[in-house]
Each structure stands twice: as structure tokens, then as C-alpha cells.
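> Quick one: sequence and predicted model below, then my questions.
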Number of protein chains: 2
Amino acid sequence: MLSKKTKYGLKALTYIARSEGDSPVQVGEIAKSENIPQKFLESILLTLRKSGVLGSKKGKHGGYYLREDPAEVKMTDVMRVLEGPIAMVPCVSLNYYEKCEDCPDEHQCSVNKLMLQVRDSTLKVFRNTTLADLSSTK
Amino acid sequence: MLSKKTKYGLKALTYIARSEGDSPVQVGEIAKSENIPQKFLESILLTLRKSGVLGSKKGKHGGYYLREDPAEVKMTDVMRVLEGPIAMVPCVSLNYYEKCEDCPDEHQCSVNKLMLQVRDSTLKVFRNTTLADLSSTK
DNA sequence: GTATTTCCTATTAAATCGATAGGATTAATA
DNA sequence: TATTAATCCTATCGATTTAATAGGAAATAC
């Protein structure tokens, strides 16, 4: 299951991309419009900022804005920040590889074989999709 | 993340497929060979049996066996039994569709748009993979 | 009838998730 | 400079899920 954190994060990013003017977008506005608990959303946008996807401005008239053009924001990055590793098992993860305790030989492991395919196909989707794609209305 | 239940289940199925003779395979043997807690594996094989993937024979010389040829056992079925819905959000699920509370229009929802693609690509993998593929050593 | 195996239910410990609380920090503006 | 409004940060909480264990009932081979 996709976590609510990721779901909310994607919706917020989309919202920001769509309302991209020159002034930053406030958490309260997004939370209200997208039906997201504000405090929860705060922490999500914070992690997106720390990861470099969003920038922020504090104080009155502050808010969040995209650091790059929506067309440059790849889903691979966003998903890794919000949801964690894309692979469903560490032994097929590109960025978080870890050997299985139990498994003597990965190349004979059926789980490895199957999840490698899933990882590849999911990765293909995320690599070919940007925030601009998500934000376009058609 | 893939649950251990699914991981263990896939390994067990592979083990059974590989040692497919005429006599059923016992839980204890699989557990030992694959480093799986036996009692946990018991419950997993039980759900696989209830779902129709496995058959069983009780008592001495009992055990589990495949109801169909490995080449007929599709990953779509196995994964749905073990891991649940393939879709990451209910609003793009084929078998467990559910409308989102918050979302006024699915066709304008970025999460829906993205997860639909992920579901399709994952489904393609599972539809094209059988237990025979997992069990082959090459 | 005894040993061996699956079958079933209940419980538990730990981890994760979703959300909330409370306030510190920063910046605009009156 | 005081006030207001926003992000920033840490801590906590309740609920759910996960992984595993426990104990025994039911069935079958011999």
C-alpha cells in the first residue's frame, strides 16, 4: 500500500506545480484545498524541502516553492524521498542494496528473480514520469 | 516492502515446484531448507491451500502439493493471495476498487494517474510470470 | 493405537503509521 | 519596534499491522 505520507506529498507537489506563480504556496492553503491534516502536511513538506525538491520561505507571506521546473522533477526522486526504496526487497535495490541473511545464492532465488522484474518495470514508469506529467490536466 | 509472508510463500512454492515428485512435501522439510520459522510457514501454506493454489494431505507422509502444473500458476493469483491487492491505492485496483474519500475527481488526481501506470506495469510482469519461470534454475 | 502430519485459534512483542501538540524561529509590515 | 503570520523542530500517542509463538484438535499411515 502507498502510505498517506506519499499520497499527500504527491498531491501537494501537484498543487504547488499547478499554482506556480511567483509567490510561494502556503501549507494551510494546500491542506484545506486537498483535505490533508495540516500538521501532518507540514512535516511532509519539510522532508521534501530537506531533500532538495522544495524550497521554502519563512515568516509572513512565506511558503513552499519548487526548486526546479516541474518537467525536471522526476518521480524516481520524489518517490524515494516519500516512500523510500523503490525495490520491494533490499536484495534488488539499486540505492539500498542489502544481501538477504537466509539466501545462499541470489541468482537462484525466485523472490529475487521476480522482484527484479517488478523493480525494473516500476523504475521505468518513475523515470519516464515527471511532476509536469502529473500536473497536466489532460 | 514485500512482507515476509509473501517472501516465505514464494520460496515455499518454488521449493515444492522443484521437488515435484509424486509424494507431497512436508512443511518441516521446507522450513528447514529455506530457513523459515516452521509455525509461521504452516499458516502461510494453509492460506495457499484455502485459496486453491496448493492441495494437502494430512497425517503421516502427508504434506503439500501443487494443484496445477507450475506453468499454470500465475503470479497474479499468488501475489493477490499472499500480499493482497496489486494496486498501491484502492482507486486503481481491479479487484478491490474503492473510491477515495477526499478525491472529487479521479481523472484529475495525480496520484491516481501515476499509480495506474505502476499497477499496469506490475500487472504485466505478474501476468507474464508463472511458478515454472521462478522455479527454473537458469 | 501410536506416531506423524496438517489444521485451527489465540496471543504476543515489536514495528510502523497517521496524526497531534506545543512551541521556537524567522520575516513582513504597520 | 511590536505584532502577526508563516515555517521549523521535537516529542508523543493511539491504532494498526507484522512476524512469530503456543497449544492443541483432527486426520491418516502403519
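Arrived safely. Residues are numbered from 1 along each chain as shown, chains lettered A, B, ... in the order given.

> interface residues of chain A facing DNA strand D?
A:26-28, A:39, A:42-43, A:45-46, A:49-50, A:56-64 (Cβ under 7 Å from any atom of the strand). Every residue, glycine included, has its C-beta placed from N, CA and C.

> could you flag which of the residues you listed are buried?
Buried residues within the residues of chain A next to DNA strand D, counting neighbours by 16 or more other Cβ atoms under 10 Å in any protein chain shown: A:27, A:45, A:56, A:63-64.

> need the contact list for the residue in chain A positioned nearest to DNA strand C.
Proximity of chain A to DNA strand C (Cβ to the nearest atom of the strand) peaks at A:Gly59, 2.5 Å away. Going by Cβ atoms under 8 Å, 6 or more residues apart in numbering or on different chains, A:Gly59 touches no other residue.

> Need the distance between the two termini of stretch A:20-28.
16 Å (Cα to Cα, to the nearest Å).

> and that stretch, what's its mean pLDDT?
For stretch A:20-28, mean pLDDT rounds to 89.

> repeat for stretch A:131-138
90.

> Please apply the same query to stretch A:56-74.
For stretch A:56-74, the per-residue pLDDT averages 96.

> first to last residue in that stretch, what's the distance?
20 Å.

> Tell me which other helices or strands the helix or strand encompassing A:Lys5 touches.
For A:Lys5, the element it lies in under DSSP states H and E is helix A:4-18. Secondary-structure packing of helix A:4-18 (3 or more Cβ pairs under 8 Å, 6 or more residues apart in numbering or on different chains; DSSP states H and E): helix A:27-34, helix A:38-50, strand A:63-66, helix A:75-83, helix A:131-135, helix B:110-127.

> what's next to that helix, contact-wise?
A:25, A:30, A:33-34, A:36, A:40-41, A:44-45, A:48, A:53-54, A:64-66, A:70, A:73, A:78-79, A:81-83, A:131-132, A:134-135, B:89, B:109-111, B:114.

> and if we set it to 6 Å?
A:25, A:30, A:34, A:36, A:41, A:44, A:70, A:82-83, A:131, A:134-135, B:110-111 (Cβ atoms under 6 Å, 6 or more residues apart in numbering or on different chains).

> biggest separation within the residues you listed, which pair?
Pairwise distances across those peak at 22.3 Å for A:Val25 and A:Glu83 (criterion: Cβ to Cβ).
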